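S.K.: Got a predicted model here, sequence first, then my questions.
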Amino acid sequence: MTTFVVDANVVFEMVNAPGATDRIADDEAIAPPLMWPEVRSALHVGRWRGLLSEEDASVALGLLESGRFRERRHRKLGKEAWRVADFLGWTKTYDAEYLALAALLDVPIATFDQRVAGAAERVGVALHAVA
């Protein structure tokens, strides 16, 4: 079993692609607590803008809440996210939370965000490829 941090953009894509979460069934995909509100909000926006049907949004929300993705906390997460954001010159700490969790747990991160992927290398976090 491979453990890796998964960020909101990867989860959003996975819950909207039929069978995508099955591809990580043998892995432990973890995320900081903020991932769920981020993805839930993106799904809601997609439904309101007509980009997702009511049924598709409901199915995606069910997959998000299914337990396939595991919440992980760390007592140093907030402080480390703050440090990472400062190091990277980011004004916000949202994306830094994913990198900080990966760094604290010494696991790779899965992201489709090129900014986060580039930052991962700068903070010493490996990337995990998600097919």
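M.R.: Great, that's in hand.
S.K.: Which strands or helices does the longest helix seen in the chain pack on?
M.R.: Using DSSP state H, we find that the single longest helix of the chain is helix 35-48. Judged by 3 or more CB pairs under 8 Å, 6 or more residues apart in numbering; DSSP states H and E, helix 35-48 is in contact with helix 8-15, helix 54-64, strand 69-71. Any C-beta I mention is one placed from the backbone N, CA and C, and that applies to glycine too.
S.K.: which residues touch the second one?
M.R.: Same thing as helix 54-64. The contact list for helix 54-64 (CB atoms under 8 Å, 6 or more residues apart in numbering) reads 11-12, 14-16, 21, 36, 39-40, 43-44, 46-47, 52.
S.K.: low-scoring pLDDT stretches of the chain, where are they?
M.R.: 131 (pLDDT under 70).
S.K.: Number of residues surrounding Ala129?
M.R.: Number of residues near Ala129 (other CB atoms under 10 Å) recorded here: 7.
S.K.: quick one: it and Ala110 touch, right?
M.R.: Yes. Counting by CB atoms under 8 Å, Ala129 touches Ala110, with 7.4 Å between them.
S.K.: Pull out the buried residues from the longest helix of the chain.
M.R.: Met35, Trp36, Glu38, Val39, Arg40, Ala42, Leu43, Gly46, Arg47 (16 or more other CB atoms under 10 Å).
S.K.: Other residues contacting that helix?
M.R.: For helix 35-48, using CB under 8 Å, 6+ apart, the contacting residues are 6-8, 11-12, 15, 51-54, 57, 60-61, 64-65, 69, 71, 94, 98.
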